[in-house]
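Student: Structural data only, the sequence is not supplied:
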């Protein structure tokens with residue numbers, strides 16, 4: 001029997017996302033309308049709306065829908081915002097961002113993930129997205145300034161150099177800390193530094209490559 005993805009999507013919003021205090025109507029509308037199943041690897045398609053992370057190639061994963069919803073709500077995006085996403089992954093969160101802002105630039109270190117995400121976004125006519133193959137945590141530097149930066153994997157600590165990629169008063173959304181004690185936070189650019197301005201919720205997700213804590217030697 002074929003899965004009713006439309007019903008599963010509605011259930012995800014009402015039974016998972018809303019119950020995790022995601023009440024922003026614009027965010028809920030995007031999650032209710034965007035076909036998440038189109039971004040999930042074929043062998044996991046039946047799990048597209050489950051309350052779990054979904055494996056991707058290169059050891060990466062799609063975040064749980066509840067985490068995606070809380071991040072989108074915390075970002076409080078405006079239709080005029082230009083957004084930089086670190087970690088394209090499947091392209092689903094990229095599409096969510098693009099549905100809520102003016103333009104998304106998304107940076108992904110793995111060429112195969114980038115190619116797959118580009119195809120999915122093109123199929124759904126997301127013309128306001130630019131994908132870049134690069135390692136945003138090592139070597140790459142933004143040539144434009146953004147209203148918002150969002151990291152789709154965890155980091156031990158936010159790199160202050162990201163402040164240089166933001167417009168005055170711009171903000172970064174990231175999940176920060178040492179697993180399993182991580183928290184989602186918003187930091188605001190002040191000069192060349194990032195100042196934490198809001199903590200949103202606790203969670204535990206995989207680190208971005210290069211965002212792991214330093215190795216601590218035991219004697």
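Tutor: Arrived safely. Because the structure is predicted, anything quoted here is derived from the model rather than measured. Numbering: from 1, shown residues only.
Student: C-alpha from now on. contacts and neighbour counts both.
Tutor: Noted.
Student: strands paired with the biggest strand by length in the chain, and their directions?
Tutor: Longest strand of the chain, by residue count under DSSP state E: strand 166-178. Paired neighbours of strand 166-178 in the sheet (DSSP bridges): strand 146-155 (parallel), strand 181-190 (antiparallel).
Student: does residue 79 really touch residue 100, like I thought?
Tutor: Yes - Residue 79 lies in contact with residue 100 (C-alpha atoms under 8 Å); the separation is 6.0 Å.
Student: So between these two, which is more surrounded?
Tutor: Here residue 79 and residue 100 are set side by side on neighbour count (other C-alpha atoms under 10 Å), and the busier one is residue 100, at 19 against 11.
Student: The more buried one touches residue 78, doesn't it?
Tutor: Yes - with the criterion set as C-alpha under 8 Å, residue 100 and residue 78 qualify as a contacting pair; they are 6.7 Å apart.
Student: Quick check: nearest residue in space to the residue nearest in space to the middle of the chain, chain neighbours excluded?
Tutor: Computing the C-alpha centroid of the chain and ranking residues by C-alpha atoms, centre = their mean puts residue 152 first, at 3.6 Å. Excluding the flanking residues, the one nearest residue 152 by C-alpha to C-alpha, 6 or more residues apart in numbering is residue 87, at 5.6 Å.
Student: Need the per-residue pLDDT for that neighbour.
Tutor: According to the predicted model, the pLDDT of residue 87 comes to 97.
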